[in-house]
Structure formats: C-alpha cells, structure tokens
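J.: Here is my input; please provide its structure:
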Amino acid sequence: MERLRDRMIQELRIRGKAERTIGASVQNLRLMTERTGLLPGRVTEGDIKAYLDDLLVEHRVAASTYAQHLAAMRFFYTHLTEGSMGRVHEALGLMTAAL
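T.: The predicted model follows:
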C-alpha cells in the first residue's frame, strides 16, 4: 500500500494539486481501506457503493465531504490502477454523474 500511496502523491503533485488536497485524497483512500478491510486493488464495485452509502447514511457527511471521497477514489482508480478495475471505474463515473 505504501508504494501506491507514494505514487498517488506523486501523480497529484504532477497535476499541480495543493498539498492539502493531496493530504485529503490520501487520507480518504486510507479511510476507505480501513472501513472496508480491503486493499484498494481488491475492492469491488459493491464494496465501494457500500462504503459511499455508509458515508452518507451512517456518518452523515456533507455533500462536499462525499464529493472529496469520491474524487479521491476516482483519481486513484483512473490514474493508478491502469484500467484493471474497469467495473469499479464505471461505478465511480456513474456516482459522479449523480452529484
């Protein structure tokens, strides 16, 4: 996980993201890993949907917080998994359209 974390930080920096944005993105991905009990490369579309639903229903996060979590996951699965998580990426795209 540490190598993926470092790659995510590097990719976000290359794209000119602010350090606070980078920190929040890494934290949000770590939180998903902790709550699902799965490494990011092992989650399924259903795991992500359940996690995002939990954020909204159980933790009652604000829409902006939800959007930050969604953006971090979308960035990770778009730029760091090299297309190997197609169904997860599709699900995140659909969820983004719903915002």
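J.: list the buried ones in stretch 64-83?
T.: Using 16 or more other C-beta atoms under 10 Å as the test for burial, stretch 64-83 gives 66, 68-77, 80. From N, CA and C alone the C-beta is placed, and that goes for glycine too.
J.: And for stretch 56-64?
T.: residue 61.
J.: Run through the residues that contact residue 21.
T.: With contacts defined as C-beta atoms under 8 Å, 6 or more residues apart in numbering, the neighbours of residue 21 are residue 12.
J.: what about the helices in this structure?
T.: Across the chain, reading from the start of the chain, the helices by DSSP state H fall at 2-14, 19-36, 45-57, 63-79, 86-98.
J.: could you dump those to CSV with mean pLDDT?
T.: Formatted as CSV, the entries for the helices of the chain read as follows, by pLDDT from 0 to 100:
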stretch, mean pLDDT
helix 2-14, 90
helix 19-36, 94
helix 45-57, 89
helix 63-79, 89
helix 86-98, 57
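J.: deepest of these, which one?
T.: Per residue and on average, the most neighbours among the helices of the chain fall to helix 63-79, with a mean of 18 (mean count of other C-beta atoms under 10 Å).
J.: which helices and strands sit right next to that one?
T.: Using 3 or more C-beta pairs under 8 Å, 6 or more residues apart in numbering; DSSP states H and E as the contact definition, the elements that helix 63-79 packs against are helix 2-14, helix 19-36, helix 45-57, helix 86-98.
J.: Quickly note the distance from the residue positioned nearest the centre of the chain to residue 6.
T.: Central residue of the chain (C-alpha atoms, centre = their mean): residue 73, 1.7 Å from the mean position. Here residue 73 is placed at a distance of 18 Å from residue 6 (C-beta to C-beta, to the nearest Å).
J.: how far out from the middle of the chain is stretch 34-45?
T.: Counting by C-alpha atoms, centre = their mean, to the nearest Å, stretch 34-45 is centred 10 Å from the centre of its parent chain.
J.: cool, and stretch 14-33?
T.: Average the C-alpha atoms of stretch 14-33, do the same for its chain, and the two points are 9 Å apart (C-alpha atoms, centre = their mean).
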